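In: Sequence plus predicted model, see below.
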Amino acid sequence: MSERSICAALLAGSLAPRRGLGSAWMIVAALLFALTGVFVKHGAQSFTPVELVFWRTLFGVLMLGIPACLRGQRFVTPHLRIHLVRGCACYVALLLTFYVAMFQGASRWSFQQHDDEMFFVHWGRLLMKFRDREEIVEEGEFIVVLHGVEHCPVALDEKACEVLLIDPAEAR
C-alpha cells in the first residue's frame, strides 16, 4: 500500500485499531497449548495415540465451530481439499511412526544399524537384555536402545507386556 492509500484508509476508519486482546492472544494461545500438553499426558494413560489425536481434533473443531456458528459465521474454508490431504498424511505418519508391540516371554536378539529405538512400557514389566547387562523397565518408564547395540526384550511375569515402540527406521 502506498502512503496515500494508507492515509485514505485511516481516514475512512478501515485500518482503525481493533479493541480486544490484541497481541495478548499469543499469551492465551501459549497457555492453551501448554494445557493441551497436560491433558495429552494424562490422557495417554487411557488412550492410544490415534485416539488422542481424534479427541484433540474433535475438541478443537468444537471449540472453533461453536463460537463461529453462534456469531453467524461460516465455518468453511476454500482450501478444504488441502486440509483433508494434510490431515490424512499426518494420520498415516502417526500410524507409521509409533506402533504397539506385545511381548510374551523372550523375543529375538536384534539391533538397528542406523537408528536408535525407544521402548515405552504401557503396561507390564520389560526386561531388556544386552550382551553385557540387563535392565528392568517398569510400567510408565522407557528405555532407549542406541543403534548398533544388540538387545533382546523379555516380558517379565507370566502376563504379556505392552510396549509403545518408536522406531524411526520403520517409518521410512
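Out: Arrived safely, thanks for sending.
In: Just give me the longest helix of the protein.
Out: Looking across the chain with DSSP state H, the single longest helix is helix 49-70.
In: Pull the distance from that helix to the chain's centre.
Out: Taking CA atoms, centre = their mean, to the nearest Å, the mean C-alpha location of helix 49-70 is offset from the chain mean by 15 Å.
In: Check which residues of stretch 42-56 are buried.
Out: Neighbour-count burial for stretch 42-56 flags 44, 49, 52-53 (criterion: 16 or more other CB atoms under 10 Å). Where you see a C-beta, it was placed from the backbone N, CA and C, and this is true even at glycine.
In: Among the residues you listed, name the least confidently predicted one.
Out: The member of these with the lowest pLDDT is Pro49, at 74.
In: Please report how far it lies from Glu162.
Out: Going from Pro49 to Glu162 by CB to CB, to the nearest Å gives 13 Å.
In: swap in Gly60?
Out: With CB to CB as the criterion, Gly60 and Glu162 are 28 Å apart.
In: tell me the SS of Gln45?
Out: Under the three-state scheme (DSSP: H, G, I helix; E, B strand; the rest coil), Gln45 adopts coil.
In: Over to Gly148?
Out: coil.
In: Is it in contact with Asp115, as I believe?
Out: No. At 10.0 Å, Gly148 does not count as touching Asp115 under the criterion of CB atoms under 8 Å.
In: Walk me through the domains of the chain.
Out: According to automatic domain parsing, the chain is divided into the following domains: 3-97, 98-171.
In: taking the ones you listed together, which one is wrapped up most tightly?
Out: Most buried of those by mean neighbour count (mean count of other CB atoms under 10 Å) is domain 98-171; its value is a mean of 15.
In: Just give me how far that domain sits from the chain centre.
Out: For domain 98-171, the distance to the chain centre is 21 Å (CA atoms, centre = their mean).
In: And the average pLDDT for that domain is what?
Out: For domain 98-171, the per-residue pLDDT averages 84.
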